[in-house]
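1. coordinates only, sequence not included:
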């Protein structure tokens, strides 16, 4: 492990299952989280087919299984800057894991989503 990467989690956004039709399910993107501070940033192709960037803080349980990310996200038609509140569940070992995130229905949208990403801790 490189000292430069210590405490860093890097992830890949993959897809989202939506509770209503009319949204794109392939939401490819990248994210990073700095474990000691909780600072989290990422970018992805959102469910409207537009580019989104987010910045926030992630709070995790001691075993890192459950997390809550709170921040702001760009790129949606209804708002240029929207609040971000996303609970998630991490499944996997210390190095490689799958993360399932529950995306609440944002203002102006008709659906909530269940999002899948894969991440690696350093």
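-> Arrived safely, thanks for sending. Just so it is clear, the model here is predicted, and its values are computed rather than measured. Numbers count the residues shown, from 1 in each chain.
2. who's in contact with residue 80?
-> Residue 80 sits next to residue 74 when contact means Cβ atoms under 8 Å, 6 or more residues apart in numbering. For the C-beta atoms, the positions are set from N, CA and C on the backbone; glycine is no exception.
3. what distance do you get for it to residue 48?
-> Using Cβ to Cβ, to the nearest Å, one obtains 13 Å as the distance from residue 80 to residue 48.
4. same check on residue 113?
-> Using Cβ to Cβ, residue 113 is found at 12 Å from residue 48.
5. list residues touching both of the two?
-> Counting by Cβ under 8 Å, 6+ apart, the shared contacts of residue 113 and residue 48 are residue 23.
6. which of those two has more residues huddled nearby?
-> Set side by side, residue 113 and residue 48 show unequal neighbour counts under other Cβ atoms under 10 Å, the larger going to residue 113 at 23 against 14.
7. dihedrals phi and psi, the more buried one?
-> Its backbone dihedrals place residue 113 at phi -140, psi 160, with angles given as degrees, to the nearest 10.
8. pretty sure it is touching residue 24, no?
-> No. Between residue 113 and residue 24 there is no contact, the gap being 10.6 Å when judged by Cβ atoms under 8 Å.
9. now do the shared contacts for the two.
-> When Cβ under 8 Å, 6+ apart defines a contact, the residues bordering residue 113 and residue 24 alike are residue 47.
10. tally of neighbours for residue 88?
-> A count of neighbours around residue 88, defined by other Cβ under 10 Å, yields 18.
11. what do you get for residue 105?
-> If we define neighbours as other Cβ under 10 Å, then residue 105 has 13 of them.
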